[in-house]
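Visitor: Okay, here's the prediction I keep looking at, along with the sequence it came from:
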Amino acid sequence: MAPLTSDERTRFTPAKNPFFEHAEAAYFMARDRGRDVGRIAASVDRNYDAFHGERQAAFGFLEAESADAVAALLQAAERWGRDRGARVLRGPFNFTTNDDCGLLIRGFEHPPTILMPYNPPTYPAWVEAAGFKKAKDLFAFKVPIPEIPDLDIAQVARIAHKVRERFRVHVRPINMKRFGEELQRVKEIYNSAWDKNWGFVPMTDREIDHMAAQLKPAIVPELALFAEIDGEAVGFSLAVPDVNVALKPLRGSLFPFGVARLLWKLPRIRTSRLMALGVKTGYRRRGIDAALVHQAAVASRAAGYIWCEVGWTLEDNDLVNRLIEAVNGERYKTFRIYERAL
């Protein structure tokens with residue numbers, strides 16, 4: 001599916017993308033007998049290196065017609081990263097784990113949901129043939145909303161009820177009229193909730209502002225939830241309608257008639273993606289995530305959603321993966337991050 005040209009132009013423009021305030025990137029094309037046959041981006045992120053104490057280069061935005069083109073593109077990214085002191089090349093990241101990332105290795109029959117990648121089935125073998133090995137797998141789950149067990153007796157509902165009583169947890173939807181204040185709460189939660197995740201990169205305030213501005217038009221308040229204890233926001237979850245359903249026919253352009261088609265289609269979307277679920281350090285393992293999932297399921301069912309993609313999740317995040325499976329989530333896609341020492 002073609003991304004919106006305007007969004008991609010913004011992503012690659014340093015003056016418009018706050019990622020470039022702490023990072024740099026280079027772009028390479030592969031040509032064969034005068035014809036373009038592939039592309040790749042290479043980047044280094046100073047914030048990642050400082051947080052993890054290593055020198056990483058990342059590759060992303062990979063598209064190619066052959067194994068030879070992939071090998072040549074990855075070699076170009078390796079040379080570029082090595083010249084900047086990197087000791088490992090990982091990817092694909094477009095540009096970080098806060099963006100779409102991973103190479104699809106399972107689930108090719110399913111189209112991509114909002115802000116998730118897609119690639120032809122040949123790509124994993126081509127990347128591996130170039131000498132890259134698995135670094136980490138990422139999962140995406142499909143949760144059929146009508147098939148969730150009766151929410152009054154389901155295991156997750158029982159946990160959520162106990163959590164609310166024992167820890168005085170209150171789950172509420174986002175207040176769009178006070179979006180700036182709510183966004184500040186997201187900032188306080190995000191870098192605390194995700195800081196132990198593999199590959200995590202702290203987001204700057206400007207990066208969160210930038211992402212929020214892009215997502216705001218798609219936010220349904222009942223699906224953007226805060227968990228609070230004594231008035232303090234300690235957890236957050238965000239599900240959004242899968243606008244890819246509406247964007248696919250537009251072929252990357254909102255003009256001349258795309259805006260009208262998009263506005264007509266949005267209220268009719270019945271699939272969603274749960275793209276964020278996190279709880280602050282110090283409040284984990286209290287079932288707060290279960291309370292958020294329960295409320296998201298209740299709201300999704302009430303709104304008439306048919307199914308929800310949950311992900312991505314890390315392959316070894318057993319706590320979250322079991323929670324998703326408890327509401328009949330089926331792991332239906334796997335994405336892989338590759339790496340090679342430099």
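Guide: Structure's in. What do you need?
Visitor: Could you export stretch 162-176 as PDB, CA atoms only?
Guide: Only the C-alpha atoms of stretch 162-176 are listed here, as PDB (Å, rounded to 0.1, in the frame of the first residue of the first chain):
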ATOM      1  CA  LYS A 162      -9.800  -6.600  41.300                       C
ATOM      2  CA  VAL A 163      -7.200  -4.000  40.200                       C
ATOM      3  CA  ARG A 164      -9.800  -1.200  40.300                       C
ATOM      4  CA  GLU A 165     -10.800  -2.100  43.800                       C
ATOM      5  CA  ARG A 166      -7.400  -3.000  45.300                       C
ATOM      6  CA  PHE A 167      -5.300  -0.200  43.800                       C
ATOM      7  CA  ARG A 168      -8.000   2.400  43.300                       C
ATOM      8  CA  VAL A 169      -7.400   2.400  39.600                       C
ATOM      9  CA  HIS A 170      -9.600   4.600  37.400                       C
ATOM     10  CA  VAL A 171      -9.600   4.100  33.600                       C
ATOM     11  CA  ARG A 172     -10.900   7.000  31.600                       C
ATOM     12  CA  PRO A 173     -10.900   8.200  27.900                       C
ATOM     13  CA  ILE A 174      -8.700  11.100  26.700                       C
ATOM     14  CA  ASN A 175     -10.200  14.500  26.900                       C
ATOM     15  CA  MET A 176      -9.700  16.000  23.400                       C
END
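Visitor: Tell me how far that stretch lies from the chain's centre.
Guide: 25 Å (Cα atoms, centre = their mean, to the nearest Å).
Visitor: Mean confidence (pLDDT) on that stretch, please.
Guide: For stretch 162-176, mean pLDDT is 83.
Visitor: Same question for stretch 190-205.
Guide: Across stretch 190-205, pLDDT averages out at 92.
Visitor: So for that stretch, first residue to last residue, what's the gap.
Guide: One end of stretch 190-205 to the other measures 11 Å (Cα to Cα, to the nearest Å).
Visitor: Kindly report the same for stretch 196-207.
Guide: Its first and final residues considered, stretch 196-207 spans 19 Å by Cα to Cα.
Visitor: next structured bit after the helix or strand of the chain with the lowest mean pLDDT?
Guide: Least confident helix or strand of the chain, by mean pLDDT, DSSP states H and E, is helix 258-265 with a mean of 50. As assigned by DSSP states H and E, the chain's next helix or strand after helix 258-265 is strand 271-279.
Visitor: which other helices and strands contact whichever helix or strand comes after that following strand?
Guide: Sequence-wise, the next helix or strand downstream of strand 271-279 (DSSP H and E) is helix 288-303. Judged by 3 or more Cβ pairs under 8 Å, 6 or more residues apart in numbering; DSSP states H and E, helix 288-303 is in contact with helix 155-167, strand 169-173, strand 224-229, strand 232-241, strand 271-279, helix 318-326. For every residue, glycine as well, the C-beta is placed using N, CA and C.
Visitor: Return the set of buried residues in helix 288-303.
Guide: By 16 or more other Cβ atoms under 10 Å, the buried positions in helix 288-303 come out as 288-300.
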